[in-house]
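**Q** Need a 3D model of the following:
(one chain, ligands or ions: 1)
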Amino acid sequence: MVKTSKNSGPSDKPLENDTNANDIWGGRFDGGPAEIMLKINASIDFDRRLFAQDINASKAHAIMLASTGIISQNDSDDIVMGLDTIFKEIKKGEFNFSQKLEDIHMNVESRLGELIGSAAGRLHTARSRNDQVATDLRLWVREEIDKLDDSLKSLQSVLIDRAEDHASTVMPGFTHLQTAQPVTLGHHLLAYVEMLGRDRGRLSDCRDRLNESPLGAAALGGTSFPIDRYMTAKELGFSRPMANSIDAVSDRDFVLEYLSIAAILGVHMSRFAEEIVLWCSVQFSYVHLSDSFSTGSSIMPQKRNPDAAELVRAKVGNIIGALNTLLVVMKGLPLAYSKDMQEDKLPVFTVTDTLNLCLAALIGMVGEMDFDKDRMQADAISGHAMATDLADWFVKDLNMPFRDAHHVTGLLVRLAEEKNVELNQLSLDEMQSISPGITNEIYKALRVTDAVSSRSSFGGTAPKMVLAAVLEARKRYLNI
Ligand code: ARG
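**A** As a prediction, this is how the structure comes out:
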């Protein structure tokens, strides 16, 4: 029988202090906790985000307890029905979370007692909050990894589409942020597709490794009840139960690994965001960001600021900080569970929210970036970006050793600089004053479109290679 809830109202309303601590801990305690103790101890303000995982894991546990004969089928059925009701209450915002009940596990269990009476007390048989929280968090991170994989795939997809549009758009490639060689914009964008591909690979490795069930490890040493850990593991979609019960409750590698991957992904997002900021500047002017992703200035009417890109760049700082936070929390902890580990959740939640926000912003921006092809191409020619092509011409057409070609080209660059012209603006006479063997053919090597087309080695920047890479990337990353 489901009793009517005395708790109703939105889930974000203030916490009620309606339970005495000694109601929870039983006979061991005479007095309740100090106000400040409640405050420092409670995690319900943030771990309520685990409610769905907590309820699912409890249902799997209750079903297993009945199937192994540890509790009756009736009690198990009542527990499962009560948990389903609680799920709906929380979903509808009709659940009153209590700070005195400390965390999501005890909030759910206490409400279960209100709903189904004494059978609720049997749910915690052969279980501890230590294995419970480890199970919930693994389930939560696993689900978020799957969602992140979808978002990363979407970002790859828009980047691949843009790369296809710009397979032959020429731009300067940079090293040391100095003009290096002309490349194609499509090739540059596909570099990010590869980085994101590795991020997805890392997330998938992390998912495989974390997909073991801590449930049944109990407090740390296992239990004397004849539980079936394989059954709960299977029910929750885990590959197997964790092999060591002490490890099961004390391990937070899976969170650290997730945060490390998030930090690397964050660095990729931030590098891209930084390029967007640079490209939007008046000095570069490679990109026009749509109004939907730009902001104005309250004092300088001419300004169009790439705030979204700047904020992606900045927010990645929080992600890196979160990884550092948890590394520092964990580094001094002896086995097995310590309450310090309760602090693992905030970094995980913050990082996940930040990743989702930044990915959505990047997907939006990439879709609406308007590239100024003429400006990029003009820039690709300036700054003697063709010098390597020139040196290669000496090697190919005049059979010069590359080191000599490099030297001669250096002399030509110096001459062009003295005359304040680009290399292709030097006359044949001027060129021959440096190296008499030079012929008119040299001007062909100085055509920027020929220069990029010639770099057709595997993984190179030539438009035809970029188009092939686009098809390959669609197959490899998008399964199309
Ligand atoms: N709220 C706790 C956490 O997140 C649950 C585990 C508490 N275990 C305990 N032995 N006090 O870590």
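**Q** what's around whatever residue of the stretch 251-400 of the chain ends up closest to the ligand, how many residues?
**A** Nearest residue of the stretch 251-400 of the chain to the ligand: Gln342, at 3.6 Å (CB to the nearest ligand atom). Backbone N, C-alpha and C define where each C-beta goes, glycine included. By other CB atoms under 10 Å, 19 other residues sit near Gln342.
**Q** now Val312
**A** When neighbours are counted by other CB under 10 Å, Val312 registers 25.
**Q** do Leu83 as well
**A** Number of residues near Leu83 (other CB under 10 Å) recorded here: 24.
**Q** got a list of what it touches?
**A** 55, 58-59, 62, 108, 112 (CB atoms under 8 Å, 6 or more residues apart in numbering).
**Q** Which pair of those spans the longest distance?
**A** Maximum pairwise distance among these (CB to CB): 12.0 Å, between Ala62 and Val108.
**Q** picking that back up, backbone dihedrals for the closest residue to the residue of the stretch 251-400 of the chain closest to the ligand other than its chain neighbours, please?
**A** Leaving aside its chain neighbours, Gln342 sits nearest to Ser43 (5.1 Å; criterion: CB to CB, 6 or more residues apart in numbering). Ser43 adopts backbone torsions of phi -120, psi 0, taken as degrees, to the nearest 10.
**Q** Is it possible to get the contacts of Leu83 out as TSV so that each row also shows pLDDT, distance to the ligand and neighbour count?
**A** Below are the contacts of Leu83 laid out as TSV (pLDDT from 0 to 100; distance: CB to the nearest ligand atom, whole Å; neighbours: other CB atoms under 10 Å):
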residue	pLDDT	distance to the ligand	neighbour count
Ile55	98	15	21
Ser58	98	14	26
Lys59	98	19	22
Ala62	98	19	27
Val108	98	12	26
Leu112	98	17	24
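**Q** Between those residues, which sits nearest Pro436?
**A** Ile55 (84.3 Å).
**Q** So that closest one: helix, strand or coil?
**A** Classification of Ile55 into helix, strand or coil gives helix, according to DSSP: H, G, I helix; E, B strand; the rest coil.
**Q** Tell me which residues touch it, please.
**A** Residues near Ile55 by CB under 8 Å, 6+ apart: 83-84, 86-87, 108.
**Q** Please verify my assumption that the residue of the stretch 251-400 of the chain closest to the ligand contacts Ile44.
**A** No - look at Gln342 against Ile44 with CB atoms under 8 Å: they stay out of range, at 10.8 Å.
**Q** Now list whatever residues contact both of the two.
**A** In contact with both Gln342 and Ile44: Asp103, using CB under 8 Å, 6+ apart.
**Q** What ranges in the stretch 201-350 of the chain fall below the confidence cut-off?
**A** Regions of the stretch 201-350 of the chain meeting the criterion pLDDT under 70 cover residues 297, 299, 301, 303.
**Q** if I look at Gly186, how far off is Val193?
**A** 10 Å (CB to CB, to the nearest Å).
**Q** list residues touching both of these two?
**A** Shared contacts of Gly186 and Val193 (CB under 8 Å, 6+ apart): Ala163.
**Q** Quick check: chain neighbours aside, which residue is closest to Ser435?
**A** Once flanking residues are discounted, Ser435 sits nearest to Val408: 4.9 Å by CB to CB, 6+ apart.
**Q** Wait, that neighbour touches Ile434, no?
**A** Yes - the criterion here is CB under 8 Å, and Val408 meets it with Ile434 at 6.3 Å.
**Q** Who has more neighbours out of those two?
**A** More neighbours surround Val408 than the other of Val408 and Ile434, with 19 against 15 (other CB under 10 Å).
**Q** In contact with the more buried one, which residues?
**A** 391, 394, 400, 434-435.
**Q** quick one: contacts for Val351?
**A** Applying CB under 8 Å, 6+ apart to Val351 gives the contacts 258-259, 262, 318-319, 322-323.
**Q** what ranges do the strands span in the stretch 251-400 of the chain?
**A** Using DSSP state E, counting those that start in this stretch, the strands of the stretch 251-400 of the chain run over 287-288, 370-371.
**Q** Note down every partner strand of the first one and its orientation.
**A** According to DSSP bridges, strand 287-288 forms sheet pairs with strand 370-371 (antiparallel).
**Q** coming back round to it: can you redo the contacts of Leu83 as JSON lines, where the extra columns are distance to Ser456 and secondary structure?
**A** As requested, the contacts of Leu83 are exported to JSON lines (distance: CB to CB, whole Å; DSSP: H, G, I helix; E, B strand; the rest coil):
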{"residue": "Ile55", "distance to Ser456": "57", "secondary structure": "helix"}
{"residue": "Ser58", "distance to Ser456": "60", "secondary structure": "helix"}
{"residue": "Lys59", "distance to Ser456": "58", "secondary structure": "helix"}
{"residue": "Ala62", "distance to Ser456": "63", "secondary structure": "helix"}
{"residue": "Val108", "distance to Ser456": "61", "secondary structure": "helix"}
{"residue": "Leu112", "distance to Ser456": "67", "secondary structure": "helix"}
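**Q** and the chain, which of its residues are near the ligand?
**A** 43, 47, 103, 129-130, 133, 337, 339, 341-342 (CB under 6 Å from any ligand atom).
**Q** hmm, back to that, deepest in the core, which of the strands of the stretch 251-400 of the chain is it.
**A** Counting by mean count of other CB atoms under 10 Å, strand 287-288 has the highest mean neighbour count of the strands of the stretch 251-400 of the chain, with a mean of 18.
**Q** what's next to that one, contact-wise?
**A** 276, 279-280, 369-372.
**Q** how about the residues you listed in CSV, adding distance to Asn479?
**A** Shown next, in CSV, are these (distance: CB to CB, whole Å):
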residue, distance to Asn479
Ile276, 28
Trp279, 31
Cys280, 33
Met369, 25
Asp370, 29
Phe371, 28
Asp372, 34
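**Q** Can you tell me which of those comes closest to Asn211?
**A** Ile276 (35.7 Å).
**Q** before we move on, back to that, just the buried members of the residues of the chain next to the ligand?
**A** Among the residues of the chain next to the ligand, the ones that count as buried by 16 or more other CB atoms under 10 Å are 43, 47, 103, 129-130, 133, 337, 341-342.
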